[in-house]
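Novice: let me see the structure of the following:
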Amino acid sequence: MKKTLFTVTVLLLVAAFGISAFMVGNYLLDGKKQADRMDELSQVVSEAQTETTTEATTEGTTAETEPKETTEPGMLPGYKDIYEQNNDTVGWIKMEGTKINYPVLQTPDDPNYYLYRDFDKKESKRGSIYAWGEADINKPSDNITLFGHHMADGSMFAGLNAYTSKDAWDKNNLIFFDTLNEYHTYKIFAVFKTSANVGEGFSYHKFVDAANEKEFNDFVSTCKKLSFYDTGITPVYGDKLICLSTCEYTLDNGRLVVAAVRIT
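Specialist: Got it, this is the predicted structure:
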């Protein structure tokens, strides 16, 4: 009897180990595939922008830090190629010193479509970076919230976690968030955590367009009040904002939010 019980226990442990190994293997494989795909997409954008900048220099025009814009067909270099691969693409986000360098997707009729889908619309635990469905990217809305998972390997929006410390802000406080037609730079003005439980916390993502100046100022004030530290930056009515949102694990159903104001 004892021998049988021992054998069954060993078999169960072996089975559990096999299942765990399989799951870990799938997780790592998914991560590798998605990382390679994102590298491929960022290379498309980088090469197109470099080529456009080189052409501008050759033609004797002033080539500064940003490549010139294109009017055909109204999209920036490289972004037309990305859009043709997935027409849910509405922009691109990048933060120096992090792994954040991704296309931004949006599906207004199914806001969380990309929560667990990759750029090619295949199932993925990593999901994609996507914009709140009610926000207008091109207008733009007063505030656009972008969502991304906090992955253990540092991918997606995991890099935002460093910004709970002002040291990270001191080293780099800029976010590059382009639409398909315009280059834009944002500066971080607040970093905070809150709960996403219904009836709790701060519903930052639901603030899209301010009805008036007071509503805008109240939103900014709440962001700054909750912030881990004072950045010395206070957006004013008429400014355009973005909130980068990811999971936060010290609160029940917590969210970490990096709020930034457009400066160019």
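Novice: going by residue numbers, what spans are helices in this protein?
Specialist: Per DSSP state H, the chain carries helices over the ranges 2-58, 79-85, 166-171, 213-226.
Novice: can I get the CA coordinates of the second one in CSV?
Specialist: Just to be clear, that refers to helix 79-85. The C-alpha trace of helix 79-85 is given here as CSV (Å, rounded to 0.1, in the frame of the first residue of the first chain):
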residue,chain,number,x,y,z
TYR,A,79,4.1,54.3,-40.0
LYS,A,80,2.3,53.7,-43.3
ASP,A,81,4.0,50.3,-43.5
ILE,A,82,3.0,49.4,-39.9
TYR,A,83,-0.6,50.6,-40.6
GLU,A,84,-0.8,48.4,-43.7
GLN,A,85,0.1,45.4,-41.6
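Novice: what residues does that helix touch?
Specialist: Contact partners of helix 79-85, identified using C-beta atoms under 8 Å, 6 or more residues apart in numbering, comprise 41, 44-45, 48, 73, 75, 89, 92, 103, 119-120, 178, 180. Yep, even glycine has a C-beta here, placed from its N, CA and C like the rest.
Novice: out of those residues, who's nearest Asn143?
Specialist: Asp178 (17.3 Å; C-beta to C-beta).
Novice: let me see the contact set for the closest residue to that closest one other than its chain neighbours.
Specialist: Excluding the flanking residues, the one nearest Asp178 by C-beta to C-beta, 6 or more residues apart in numbering is Trp92, at 4.9 Å. Residues in contact with Trp92 (C-beta under 8 Å, 6+ apart) are 45, 79, 82, 102-104, 176-178.
Novice: okay, who's weakest in those by pLDDT?
Specialist: Of all the contacts of Trp92, Val45 carries the smallest pLDDT score, 89.
Novice: can you tell me the closest non-neighbouring residue to Ala152?
Specialist: The shortest distance from Ala152 to any non-neighbouring residue, by C-beta to C-beta, 6+ apart, is to Ala158 (7.4 Å).
Novice: state the distance from the one you found to Ser245.
Specialist: Distance, Ala158 to Ser245, by C-beta to C-beta, to the nearest Å: 13 Å.
Novice: just Gln34 next, same as before
Specialist: 19 Å.
Novice: Gly148 now?
Specialist: Gly148 sits 7 Å away from Ser245, going by C-beta to C-beta.
Novice: how about Asp252?
Specialist: Asp252 is 16 Å from Ser245, where distance means C-beta to C-beta.
Novice: run the chain-centre distance for stretch 96-110.
Specialist: 4 Å (C-alpha atoms, centre = their mean, to the nearest Å).
Novice: now that stretch: buried residues?
Specialist: 98-106 (16 or more other C-beta atoms under 10 Å).
Novice: quick check: end-to-end length of it?
Specialist: The straight-line separation of the ends of stretch 96-110 (C-alpha to C-alpha, to the nearest Å) is 31 Å.
Novice: now what about that stretch, what contacts it?
Specialist: Residues outside stretch 96-110 that contact it (C-beta under 8 Å, 6+ apart) are 38, 41-42, 82, 86, 88-95, 113-114, 119, 128-131, 133-135, 137, 146, 148, 154-160, 162, 168, 171-172, 174, 177.
Novice: closest to Ser227 among the contacts of Trp92?
Specialist: Nearest to Ser227 among the contacts of Trp92 is Phe177, at 19.7 Å by C-beta to C-beta.
Novice: can you show me the strands along the stretch 101-250 of the chain?
Specialist: Per DSSP state E, counting those that start in this stretch, the stretch 101-250 of the chain carries strands over the ranges 101-105, 129-131, 143-147, 174-179, 185-195, 241-248.
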